[in-house]
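Asker: Pasting the sequence and the predicted coordinates here, then a few questions.
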2 protein chains.
Amino acid sequence: MQEEHFTFEGIQDFITQAMGALGLPKADSALIGELMAKADLQGSDGHGIIRLAPYAKRILSGGINLNPHIKVTKEKLATALIDGDNAMGHLVMHKATQLAIEKAKITGMAWVGSHHSNHAGPASLYARMALDHDMIGLYFAVGNANHLPPWGGIDMLLSTNPIAAAIPTRDETPIVLDMATTVAAYGKVKAKAQKGELMPEGWMIDKNGAPLLDPQKSDEGFLLPIGGYKGYGLSLVVGLLAGTLNGAAMGKDVIDFNKDYKTTTNTGQAIAILDPNAFGDIDDFKTQTDRLIRDIKNSAKMGNTKRIWLPGEQSHEKRIEHLKHGIALPSALVEQLQQLAKQLHIQALTPLQNK
Amino acid sequence: MQEEHFTFEGIQDFITQAMGALGLPKADSALIGELMAKADLQGSDGHGIIRLAPYAKRILSGGINLNPHIKVTKEKLATALIDGDNAMGHLVMHKATQLAIEKAKITGMAWVGSHHSNHAGPASLYARMALDHDMIGLYFAVGNANHLPPWGGIDMLLSTNPIAAAIPTRDETPIVLDMATTVAAYGKVKAKAQKGELMPEGWMIDKNGAPLLDPQKSDEGFLLPIGGYKGYGLSLVVGLLAGTLNGAAMGKDVIDFNKDYKTTTNTGQAIAILDPNAFGDIDDFKTQTDRLIRDIKNSAKMGNTKRIWLPGEQSHEKRIEHLKHGIALPSALVEQLQQLAKQLHIQALTPLQNK
């Protein structure tokens, strides 16, 4: 696959310029630029600048409120409901997470839900915000397209509803889990289709329950939840917590944002923040977490395993690698972005001369 | 398999008498009898009266504090840490859940963790307590024996760390998810061994990563986490939240309670309670949840699927069936319990004359 390399700052600035040209206020554009570029920086490449063109299409179709009034509409000591007023989801969940952190400082833990939000990028971005405050972050979201049926059914009523968790450490890399409740995220299926490769068994099944291997036929089947009926239950519960509880879309009401660029999605998300000091001492907690991480890393290994990874370590290494050598983008994506630059009358993306 | 039938009250009373004879205070014995019998009633038969003999063995070995002072040692508005003082886990988590419910009424949501607790039966028992208050319950626990290594490793550092969630409904059966983070719980492996059957591929692997099918050789392999590395991450995060955060055992410190009946387990659990009224209106929430449940039930079905189940429906139907026709216990278990009755000088279990 042909690719070119770009700096984090270059990607951040390009997105910021594009959002500004699309009509978003300056501060909002800058925040979205930062969060989307952070997704690329950590290797969440299905959630970074690759989303810029679809976001632009939604904005130009009138599917996003560019001057939203994001507000708390319901609040108790440890909880809040945020009405995103159909803003870009990044703005909604950044604000929700900040609020949850402030509340958790007082109450020990807090849970903030959103409705009338939109796609907000990788779940880990918001869970990770807790780490700067030596806190634990948990994030739940309703996915923006239904790709799986209930277990035993064929109606698409559930999404890949992701879970993220960020756990602070002392010397070791923080633990950051960011997982869909399906075996494969839908982006992985699309990537296989682009490469002309077959999918491994276990990713998708067809309407008769037989393995579906051809990613070109993904519309004829559905993603498999992790652990079979367990993942179905988990996806459902995450959807109830992030969607239904907040009066956001869930089940039949979920808009497929890859097909419909105009209808308000009423996306729901939730962020929970826990302060380890409320349960013990943060220094003890970090020491024990470091010790556990080292025990896991030092485990005897199976067969050809070279290294045992903790959740979040691969993203951490990608951040270092990308800051040093730049972020690779496929040439087809770069071309799409340069077209968008022309359309929006902003400066083109400038690749690094040498990797 | 030979079996006999017993009433819920008969099982409850037998456990209560046994706990009293083992030296527990009357109220504590009654509460444990109720919670353990409720496990059998809902079909969580790996967590009900089948545990009585092992619990008795632990108590008689001095592994449980019979007159504990279960106390809150750390508290903020929305959080508490409960020191179980090495009590029976049922007593600790019943108290923890009551406290979390009271706190959530004020703050909107609350999170109570435990340490120096013990095995408390099925996770769903405590999550379900929220339903009587029209609230949502989430429960996390560190399993009492390590049966899986980190992904790619072979050192047993993780357990089946379960997650439970209970969601209130209006007319439909409440949604109650209760799942281990492994494909099969360890109890299922033991059941296959007892029946002399092979396990299906996907439950366990051996130390070379090859499928392990013979349940008699389960000591030579490990359980597989759901979704491979995802379930590994999930088990780790649940363990950090329920164990490490509370200063409870996690990783190397977990005592295998099937092998060691004396050492304090320092078990950690956590219960989180959310009040739907803090995010919207409980009646709206129940209406929407009911609607979602009906959409799922009415989904077109795959192949030979007769019925689409929601999490918690099978337990619900077992409760009705068991109240009507009694709870079946395997004859080998009944014999073990009658031996225990003699040893403790309590009345024998009386089977129902006719099913």
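Answerer: Everything's here; your move. Numbers count the residues shown, from 1 in each chain, chains lettered A, B, ... in the order given.

Asker: Which single residue of the stretch 251-355 of chain A ends up nearest chain B?
Answerer: A:Ser299 (3.3 Å; CB to the nearest CB). For glycine as for every other residue, the C-beta is placed from the backbone atoms N, C-alpha and C.

Asker: Once you drop chain neighbours, what's closest to that residue?
Answerer: Nearest residue to A:Ser299 in three dimensions, chain neighbours excluded: B:Gly153, at 3.3 Å (CB to CB, 6 or more residues apart in numbering or on different chains).

Asker: what's around that neighbour, how many residues?
Answerer: 22 (other CB atoms under 10 Å in any protein chain shown).

Asker: got it, and A:Asp40?
Answerer: By other CB under 10 Å, 25 other residues sit near A:Asp40.

Asker: where exactly do the helices run in the stretch 51-200 of chain A?
Answerer: A:52-60, A:89-107, A:124-128, A:186-195 (DSSP state H, counting those that start in this stretch).

Asker: got the CA coordinates for stretch A:341-355 in CSV?
Answerer: Output of stretch A:341-355 as CSV, limited to C-alpha atoms (Å, rounded to 0.1, in the frame of the first residue of the first chain):
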residue,chain,number,x,y,z
ALA,A,341,-8.4,21.2,0.9
LYS,A,342,-9.1,22.6,-2.5
GLN,A,343,-12.8,22.5,-1.9
LEU,A,344,-12.5,24.3,1.4
HIS,A,345,-9.8,26.7,0.2
ILE,A,346,-7.3,25.7,2.9
GLN,A,347,-3.6,24.8,2.6
ALA,A,348,-2.8,21.3,1.4
LEU,A,349,-1.4,18.7,3.7
THR,A,350,2.4,18.8,3.5
PRO,A,351,4.2,15.4,3.7
LEU,A,352,7.5,14.9,5.5
GLN,A,353,10.3,15.0,2.9
ASN,A,354,12.0,11.9,4.4
LYS,A,355,10.6,9.4,6.7
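
Asker: now it: how far from the chain's centre is it?
Answerer: A distance of 25 Å separates the centroid of the chain from that of stretch A:341-355, by CA atoms, centre = their mean, to the nearest Å.

Asker: can you list the domain ranges for chain A.
Answerer: The record assigns chain A these domain ranges, following automatic domain parsing: A:1-60+A:326-355, A:67-182+A:225-280, A:184-224.

Asker: Would you mind giving these as TSV with mean pLDDT added?
Answerer: Putting these into TSV (pLDDT from 0 to 100) gives the following:
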stretch	mean pLDDT
domain A:1-60+A:326-355	95
domain A:67-182+A:225-280	97
domain A:184-224	88
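
Asker: Out of these, which one sits most buried?
Answerer: domain A:67-182+A:225-280 (a mean of 24; mean count of other CB atoms under 10 Å in any protein chain shown).

Asker: how far does it stretch from start to finish?
Answerer: 43 Å (CA to CA, to the nearest Å).

Asker: do the same with stretch A:259-270
Answerer: 25 Å.

Asker: Also stretch A:215-227?
Answerer: End residues of stretch A:215-227 are separated by 21 Å (CA to CA).

Asker: Check which helix or strand the residue nearest to A:Lys57 when sequence neighbours are not counted maps to.
Answerer: Closest residue to A:Lys57 apart from its sequence neighbours, by CB to CB, 6+ apart: A:Tyr261 at 5.2 Å. Using DSSP states H and E, A:Tyr261 sits in no helix or strand.

Asker: A:Tyr261 is in contact with A:Arg58, isn't it?
Answerer: Yes - counting by CB atoms under 8 Å, A:Arg58 is a contact partner of A:Tyr261 at 4.7 Å.

Asker: State the three-state secondary structure for the residue lying closest to A:Ile226 once chain neighbours are set aside.
Answerer: Of all residues not flanking A:Ile226 in the chain, B:Gly227 sits nearest, at 2.9 Å (CB to CB, 6+ apart). Under DSSP: H, G, I helix; E, B strand; the rest coil, B:Gly227 falls in the coil class.

Asker: I'd like to know how far A:Lys105 sits from A:Glu220.
Answerer: 50 Å (CB to CB, to the nearest Å).

Asker: what's the answer for A:Gly243, then?
Answerer: From A:Gly243 to A:Glu220 the distance is 26 Å (CB to CB).

Asker: now the end-to-end length of stretch A:317-336.
Answerer: 28 Å.

Asker: Identify the residues contacting that stretch?
Answerer: A:1-8, A:11, A:40-43, A:49-50, A:53, A:337, A:349, A:351-352, A:355 (CB atoms under 8 Å, 6 or more residues apart in numbering or on different chains).

Asker: Pull the distance from it to the chain's centre.
Answerer: For stretch A:317-336, the distance to the chain centre is 18 Å (CA atoms, centre = their mean).

Asker: ok, back up a step: figure out which of the domains of chain A is closest to B:Leu212.
Answerer: domain A:67-182+A:225-280 (17.7 Å; CB to CB).

Asker: Please, where are all the strands along the stretch 151-300 of chain A?
Answerer: A:163-167, A:175-179, A:204-206, A:211-212, A:221-223, A:267-274 (DSSP state E, counting those that start in this stretch).

Asker: which parts of the stretch 251-355 of chain A sit against chain B?
Answerer: Residues of the stretch 251-355 of chain A found near chain B (CB under 8 Å from any CB of the partner chain) are A:251-252, A:272, A:274-276, A:278-280, A:284-285, A:288-289, A:291-292, A:295-296, A:299-303, A:305, A:307-311.

Asker: what do you get for the stretch 1-150 of chain A?
Answerer: A:74, A:76-79, A:81, A:106-111, A:113, A:136, A:149-150.

Asker: Mind checking which of those land in strands?
Answerer: Using DSSP state E, the members of those that fall in strands are A:Lys74, A:Lys76, A:Thr79, A:Leu81, A:Met109, A:Ala110, A:Trp111, A:Gly113, A:Ile136.

Asker: out of those, who's nearest B:Thr97?
Answerer: A:Met109 (15.8 Å).

Asker: and the closest one, what are its bridge partners?
Answerer: A:Leu274 (DSSP bridges).

Asker: measure it to B:Leu35 for me?
Answerer: For A:Met109 relative to B:Leu35 (CB to CB), the value is 26 Å.

Asker: quick one: the helices in the stretch 201-350 of chain A?
Answerer: Using DSSP H, counting those that start in this stretch, helices in the stretch 201-350 of chain A cover A:229-242, A:282-297, A:313-325, A:331-344.

Asker: which residue packs closest to A:Leu198, ignoring adjacent ones?
Answerer: Excluding the flanking residues, the one nearest A:Leu198 by CB to CB, 6+ apart is A:Leu213, at 4.6 Å.

Asker: on that earlier part again, of all the helices of the stretch 51-200 of chain A, which one is nearest B:Ala341?
Answerer: Nearest of the helices of the stretch 51-200 of chain A (CB to CB): helix A:89-107, 48.5 Å.

Asker: Could I get the CA-only coordinates of that closest one as PDB?
Answerer: Output in PDB follows, covering the C-alpha atoms of helix A:89-107 (Å, rounded to 0.1, in the frame of the first residue of the first chain):
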ATOM      1  CA  GLY A  89     -19.200  14.500  19.500                       C
ATOM      2  CA  HIS A  90     -15.700  15.400  20.400                       C
ATOM      3  CA  LEU A  91     -16.900  18.700  21.900                       C
ATOM      4  CA  VAL A  92     -19.600  17.100  23.900                       C
ATOM      5  CA  MET A  93     -17.500  14.300  25.400                       C
ATOM      6  CA  HIS A  94     -14.600  16.500  26.100                       C
ATOM      7  CA  LYS A  95     -16.800  18.700  28.100                       C
ATOM      8  CA  ALA A  96     -18.600  15.700  29.700                       C
ATOM      9  CA  THR A  97     -15.300  14.300  30.800                       C
ATOM     10  CA  GLN A  98     -14.000  17.500  32.300                       C
ATOM     11  CA  LEU A  99     -17.200  17.800  34.300                       C
ATOM     12  CA  ALA A 100     -17.000  14.200  35.500                       C
ATOM     13  CA  ILE A 101     -13.400  14.800  36.700                       C
ATOM     14  CA  GLU A 102     -14.400  17.900  38.600                       C
ATOM     15  CA  LYS A 103     -17.300  16.100  40.200                       C
ATOM     16  CA  ALA A 104     -15.200  13.000  41.100                       C
ATOM     17  CA  LYS A 105     -12.700  15.300  42.900                       C
ATOM     18  CA  ILE A 106     -15.500  16.100  45.300                       C
ATOM     19  CA  THR A 107     -17.600  13.000  45.400                       C
END
